[in-house]
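Chemist: whatever this is, show me its structure:
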Amino acid sequence: MSEDSPRVTVHLPGGVRPARLVRWRQGPDGRWWAEVALYAPAEAVARVDGEDYSAVPREPQPATEPRYVLDRLPAGANGKPRLVLHVAGCWVIGTKKLSPPTPVPDGRQAQSMLRFDDTTACDVCNPGP
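Modeler: Presented below is the predicted three-dimensional model:
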């Protein structure tokens, strides 16, 4: 897909999503189908077991310093929610689907969050504020 592909909107049961039209293809029954590249928030996309996603390109938003987010996990043995600090864009964020991740304004605040007993650093993206 190219950024030159024309924009379209796709009407899905959950609402209207922006997309890019890749091509028209006629099916054996004569109906036309639109092949589109659909834009959706990453938390709305489920991976399929057995598929390799390592070659999928990533286009991070340029930033002057790393951005961080806190992800809420289910409560621990003490009944309190647990928090995990991630570098924004980590693929593990939101896999538990408890709530949207909370942005952390800067590296200094991210570092101070790790001082709390209920907050740990993600072992996948290894944030190092």
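Chemist: run through the bridge partners of the residue lying closest to Pro127 once chain neighbours are set aside.
Modeler: The spatial neighbour of Pro127 that comes closest, neighbours along the chain excluded (C-beta to C-beta, 6 or more residues apart in numbering), is Val87 at 4.8 Å. Any C-beta I mention is one placed from the backbone N, CA and C, and that applies to glycine too. Under the criterion DSSP bridges, Val87 forms beta bridges with Tyr68.
Chemist: for Val87, give its distance to Met113.
Modeler: Separation of Val87 from Met113 (C-beta to C-beta, to the nearest Å): 13 Å.
Chemist: tell me the centre residue of the protein?
Modeler: Centroid-nearest residue in the chain: Ala42, 3.1 Å away (criterion: C-alpha atoms, centre = their mean).
Chemist: strands along the protein, start to end?
Modeler: For the chain, the strands defined by DSSP state E cover 7-12, 15-26, 32-38, 68-73, 82-87, 102-104, 119-121.
Chemist: export the ones you listed to JSON lines and tack on mean pLDDT and mean neighbour count?
Modeler: JSON lines is the format used below for the strands of the chain (pLDDT from 0 to 100; neighbours: other C-beta atoms under 10 Å):
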{"stretch": "strand 7-12", "mean pLDDT": "90", "mean neighbour count": "12"}
{"stretch": "strand 15-26", "mean pLDDT": "90", "mean neighbour count": "13"}
{"stretch": "strand 32-38", "mean pLDDT": "92", "mean neighbour count": "12"}
{"stretch": "strand 68-73", "mean pLDDT": "87", "mean neighbour count": "19"}
{"stretch": "strand 82-87", "mean pLDDT": "89", "mean neighbour count": "21"}
{"stretch": "strand 102-104", "mean pLDDT": "85", "mean neighbour count": "15"}
{"stretch": "strand 119-121", "mean pLDDT": "90", "mean neighbour count": "16"}
